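>>> Can you look at this prediction? I've put the sequence above it.
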Amino acid sequence: MTAPQAIRATNKKNCPPLQSTKRKSRAPNQTVKSAPGVNAAEPKEQIEKVFRALDRRNAGVVSAQAIIDTLKKNGILIDDPRIRHSILKLNSHTGPVTLAQIADIFDANFSLIECAVKDRYIVPQFSAFTGEINNIFDECMQVKDGAVADYIPQLARIDPEQFAVAITTTDGQRAAYGDFDTPYCVQSSCKPVNYAMALEQHGEEFVHGHVGREPSGRGFNELALNPKGLPHNPMINAGAIMSCSMIDPEMPLADRFDHVVQIWTKLSGGSPPGFNNSVFLSEKATADRNFALAYFMQEKRAFPKNTNMLEALDFYFQACSIEVTARQMSVVAATLANSGVCPMTNERIFSNDTVKNCLSLMYSCGMYDFSGEFAFTIGLPAKSGVSGALMVVIPQVMGFAIWSPRLDELGNSVRGVEFCRKLVERFSFHNYDNISNHATKKDPTKREAQQRSDQTYQLINAASLGDINEISRLVAHGAEVNAADYDGRTPLHLAAAEGRLEAVDYLLLRQAEPTAKDRWGATPIDDAKRHRHPDVEKRLRARRAGLCAAT
Ligand code: GLN
């Protein structure tokens, strides 16, 4: 089964140390100070086994490069904060590494190598997966439609050709393409963070006493409030100004901003974001609509008591002017995918409930008035920004950051949306792919061989039940009719044994083999005979005779 939900629920099969850092339920808001993989008491036998797997020539030593390559192949990069210390030790080490040395070098985070060797990361065949992402990136590079935002000169001047894609999985596997180290303004993609911070500080009830949770069906800066005089949701401008008004309202503005920067730093695994002062100044100078929205909300008494509305607005412009690279943003998205725990540091930043609320609203409202269409076709929580930023979350699996400045008429990055379209065409990431279509799509959380055997198993199962609809669906999606399970049992064996004549006919029409032998040497004909299905047996014999006659 390639059902994403099922995978998300059950396929978290990481090595024990990683598992213990992220899968165990932890009290909301509990902060874990140590890095993931902290594993002082890794059993000696485990270390030995892993070492032996790395020591392919059985030489009693492995090269430092072989260790780094094994990690890299799995998307664990050398600037990963979890292994920074080990990489330093490894770099200062001369000569190959022995068993005792590897245990010392990777003392606290041995599980990262263990998962690499045992293929236990959430995306086990990471290079194959990223190879396909690279193809999608190249295809999207050809898209030149749209235009950069020009409401402020700072955005209008951006090189429209720039394009970056970065991925971080919930296990901290990373890859990035294009201009992934170029900083860009987060703009509206700060809205989920503002909302999450407001939720953390005040709880759902208070926050939603001041902002709705319905899609507005209007543009992101439409001068409109809901029938209660509140912003429709936190993912459009009015709602984001409202979120900002609720973040540390009692503190001086400078401290409020410091706090936001601190959260962005933690969300992105420890690398502080930048701030684009000219964008900020320009935003503020040309913000008639945002001022109008704020005054409108003030007139409707929508803000919490004692809100300094003008300060909240300023704070909102500042939050929009925060700059990140795609690499950093993908870690932010992965932190949301990982229920609020940053995969690069294992620190809990937001509670599970906060993340659940945030992703729900990103799903229904994150793409301005394209949100319904995006939820329908892409089926993932996402948030865009007028800088061409797009953050996409695949819950329990990974986060994507896409950045390409040319926008469509609704304000979403053209390449960003196209990238998502292609992504869900190839991978079973759509929220409801478990219901249909998934057999043709790849599930990167499974090894390919496992996916093939899943499909074979499904076909065998459908054949034994005589479920023609399911059989034809699977065949249409590329299931192999003569594929056999571990015991050499084919769909035709099962259909014959259960006396499913219609299924037998269907399979024979598609060249199923009536003389295929299972591991005990039995053919579908033998099965039909043994289980007393003379009509099936007759059909199979006729086919065999036909085949014999034909050859
Ligand atoms: N700073 C922009 C504004 O408030 C952000 C909007 C956006 O990214 N859609 O208008």
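Structure received.

>>> Give the rounded mean pLDDT of the helix or strand harbouring Leu423.
Leu423 is part of helix 414-426, with elements assigned from DSSP states H and E. In this model, helix 414-426 has an average pLDDT of 97.

>>> What are the buried residues along that helix?
For helix 414-426, the neighbour count (16 or more other CB atoms under 10 Å) marks 414-420, 422-424 as buried. Quick note: C-beta positions are derived from backbone N, CA and C, even for glycine.

>>> which residue packs closest to the residue in the chain that the ligand sits nearest to, ignoring adjacent ones?
Per CB to the nearest ligand atom, the residue of the chain with the smallest distance to the ligand is Ser188, at 3.0 Å. Closest residue in space to Ser188, ignoring its immediate chain neighbours: Gly385 at 4.0 Å, by CB to CB, 6 or more residues apart in numbering.

>>> give the contact list for the one you found.
When contacts are counted by CB atoms under 8 Å, 6 or more residues apart in numbering, Gly385 touches 185-190, 320.

>>> Let's have those in TSV, adding neighbour count and pLDDT.
Converted to TSV, those look like this (neighbours: other CB atoms under 10 Å; pLDDT from 0 to 100):
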residue	neighbour count	pLDDT
Cys185	29	98
Val186	27	98
Gln187	24	98
Ser188	26	97
Ser189	30	98
Cys190	27	98
Cys320	28	98
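
>>> Would you format the residues you listed as TSV with secondary structure included?
Supplementary listing: the contacts of Gly385 in TSV, determined by DSSP: H, G, I helix; E, B strand; the rest coil:
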residue	secondary structure
Cys185	strand
Val186	coil
Gln187	helix
Ser188	helix
Ser189	helix
Cys190	helix
Cys320	helix
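
>>> near the ligand, which residues of this structure show up?
Listed as neighbours of the ligand in the chain under the rule CB under 6 Å from any ligand atom: 187-188, 220-221, 237, 283, 290, 320, 385-386, 411.

>>> Among those residues, find the lowest-pLDDT one for me.
Taking the residues of the chain next to the ligand together, the minimum pLDDT is found at Phe220 (86).

>>> Do I have it right that it meets Ser189?
No: using CB atoms under 8 Å, Phe220 and Ser189 do not qualify as a contacting pair, with a distance of 11.7 Å.

>>> if we can go back for a sec, packing partners of the helix holding Leu423?
Helix 414-426 makes packing contacts with helix 126-141, helix 371-377, strand 389-394, strand 398-403 when contacts are defined by 3 or more CB pairs under 8 Å, 6 or more residues apart in numbering; DSSP states H and E.

>>> swap the cut-off to 7 Å and go again
On a contact count with 3 or more CB pairs under 7 Å, 6 or more residues apart in numbering; DSSP states H and E, helix 414-426 meets helix 126-141.

>>> quick one: buried residues of the helix it packs on?
Of the residues in helix 126-141, 126, 129-130, 133, 136-137, 140-141 count as buried by neighbour count, 16+ other CB under 10 Å.

>>> do stretch 463-480 as well
For stretch 463-480, the neighbour count (16+ other CB under 10 Å) marks 463-464, 466-467, 470-471, 473-475, 477, 479 as buried.

>>> got it, and stretch 280-300?
Taking 16+ other CB under 10 Å as the neighbour-count basis, stretch 280-300 is seen to contain the buried residues 280, 282-284, 287, 289-290, 293-294, 296-297.

>>> First-to-last residue distance for that stretch?
For stretch 280-300, the first-to-last residue distance is 27 Å (CA to CA, to the nearest Å).

>>> quick one: it to chain centroid distance?
34 Å (CA atoms, centre = their mean, to the nearest Å).

>>> All the strands of this protein, residue numbers only.
Along the chain, the stretches classed as strands by DSSP state E are 164-169, 174-178, 184-185, 274-275, 322-324, 382-384, 389-394, 398-403.

>>> what would the buried residues of stretch 280-300 look like in JSON lines with distance to Asn338?
Supplementary listing: the buried residues of stretch 280-300 in JSON lines, determined by distance: CB to CB, whole Å:
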{"residue": "Phe280", "distance to Asn338": "30"}
{"residue": "Ser282", "distance to Asn338": "35"}
{"residue": "Glu283", "distance to Asn338": "31"}
{"residue": "Lys284", "distance to Asn338": "35"}
{"residue": "Ala287", "distance to Asn338": "35"}
{"residue": "Arg289", "distance to Asn338": "35"}
{"residue": "Asn290", "distance to Asn338": "32"}
{"residue": "Leu293", "distance to Asn338": "33"}
{"residue": "Ala294", "distance to Asn338": "34"}
{"residue": "Phe296", "distance to Asn338": "37"}
{"residue": "Met297", "distance to Asn338": "34"}
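
>>> which residues of the protein score low on pLDDT?
Applying pLDDT under 70 to the chain flags residues 1-42, 437-439, 547-551.

>>> could the buried residues of stretch 463-480 be laid out in JSON lines, adding distance to Ile47?
As requested, those are arranged in JSON lines below (distance: CB to CB, whole Å):
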{"residue": "Ala463", "distance to Ile47": "46"}
{"residue": "Ser464", "distance to Ile47": "45"}
{"residue": "Gly466", "distance to Ile47": "51"}
{"residue": "Asp467", "distance to Ile47": "48"}
{"residue": "Glu470", "distance to Ile47": "46"}
{"residue": "Ile471", "distance to Ile47": "48"}
{"residue": "Arg473", "distance to Ile47": "47"}
{"residue": "Leu474", "distance to Ile47": "43"}
{"residue": "Val475", "distance to Ile47": "47"}
{"residue": "His477", "distance to Ile47": "43"}
{"residue": "Ala479", "distance to Ile47": "41"}
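
>>> and which of those residues is nearest to Pro273?
Nearest to Pro273 among the buried residues of stretch 463-480 is His477, at 43.1 Å by CB to CB.

>>> isn't the closest one right next to Thr440, touching?
Yes: between His477 and Thr440 there is a contact under CB atoms under 7 Å: 4.5 Å.

>>> Show me where the stretch 401-550 of the chain has its helices.
Counting by DSSP state H, counting those that start in this stretch, the stretch 401-550 of the chain has helices at residues 414-426, 448-465, 468-476, 491-497, 501-509, 524-530, 534-550.
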